[in-house]
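Chemist: I'll drop the sequence and a predicted model, then ask my questions.
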Amino acid sequence: MPAPSTSLHQDLHRAGYYPELVGDVVDVALAGEDVLAHLVHPETTFDAAEVRRHVTVLVLTPTRLVVAHVDDHPADSEHPSASASATTEAVPLGELRSVALTHVVPDPQEHRRGDGPAELTLAVGWGAVQRVDLEPATCGDPACEADHGLTGTLSPDDVVVRVSAAAEGADAVRAATEFGRRLSAASARR
């Protein structure tokens, strides 16, 4: 098995999204620390006018979680050529507040121990960003027309990665699950 940093660079090249750029910014953020585990998640989004690419890279070191995001910026009237922006953040493991894994399993009655999910969402929170989901509050009386205000939930949303077997393949979901397992274990030790 190759060394973790070699494996990381192989996964960056396999993702095919500016692998040299992404590798450089991740290497700067790692600052020479060993790579214990990593997850490379390329994503393409479509809207009416354009196709946008994005990659999120999560790297677990002995002391930190390094998060890298790289986005496309198409040429426009102010910027005659396309560009990319790359942002990294290094979070000490002791600062992690939550590692949440949401497993989506079709036909749960058929699930057998060890079967992987069809989809996995990994949400990691350290308190930098939170998401508020609001909805109208009710009193339980279906005929009531009074305004009861709002109710909602506050969720950590520092980084969220969703991996689907239908889109990325079962191996990608297994890799995300294993990374989530390793990150969860590391956060518990701090």
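Modeler: That came through, no problem.

Chemist: Distance from stretch 7-15 to the middle of the chain?
Modeler: The chain centre lies 16 Å from the centre of stretch 7-15; the measure is Cα atoms, centre = their mean, to the nearest Å.

Chemist: And that stretch, what's buried?
Modeler: Within stretch 7-15, the residues scored as buried using 16 or more other Cβ atoms under 10 Å are Leu8, His9, Asp11, Leu12, Ala15. C-beta coordinates here come from the backbone N, C-alpha and C atoms, glycine included.

Chemist: can you check stretch 69-88 too?
Modeler: Buried positions in stretch 69-88, judged by neighbour count with 16+ other Cβ under 10 Å: His69, Val70, Asp71, Asp72, Ala84, Ala86, Thr88.

Chemist: got the contact list for that stretch?
Modeler: 17-18, 21-22, 25-26, 28-29, 50, 52-57, 66-68 (Cβ atoms under 8 Å, 6 or more residues apart in numbering).

Chemist: Report back the residue of this protein that's furthest from centre.
Modeler: Residue distances from the centre of the chain (Cα atoms, centre = their mean) peak at Ala143, which lies 42.3 Å from the mean C-alpha position.

Chemist: Buried subset of the contacts of stretch 69-88, written for ChimeraX?
Modeler: To isolate the buried ones among those in ChimeraX, judged by 16+ other Cβ under 10 Å, type:
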select :17,18,22,25,26,29,53,55,56,57,66,67,68
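
Chemist: Name the next helix or strand downstream of the helix or strand of the chain with the lowest mean pLDDT, please.
Modeler: Ranked by mean pLDDT, DSSP states H and E, the weakest helix or strand in the chain is strand 150-156, scoring a mean of 71. On the C-terminal side of strand 150-156, the nearest following helix or strand under DSSP states H and E is strand 159-164.

Chemist: Identify the residues contacting that following strand?
Modeler: Residues from elsewhere that reach strand 159-164 (Cβ under 8 Å, 6+ apart): 39, 41, 56, 58, 67, 118-124, 172-173, 175-176.

Chemist: farthest pair in the residues you listed?
Modeler: Greatest spatial distance in the contacts of strand 159-164: Val67 and Ala118, 25.1 Å, computed using Cβ to Cβ.

Chemist: Could you list the low-confidence segments of the chain?
Modeler: 1-4, 128-131, 154-157, 190 (pLDDT under 70).

Chemist: what distance separates the helix ranked longest in the chain from the centre of its chain?
Modeler: Ranked by number of residues, the top helix in the chain under DSSP state H is helix 170-188. How far helix 170-188 lies from its chain's middle: 11 Å, per Cα atoms, centre = their mean.

Chemist: show me where the chain has helices.
Modeler: In the chain, the segments counted as helices under DSSP H are 4-15, 19-30, 165-168, 170-188.
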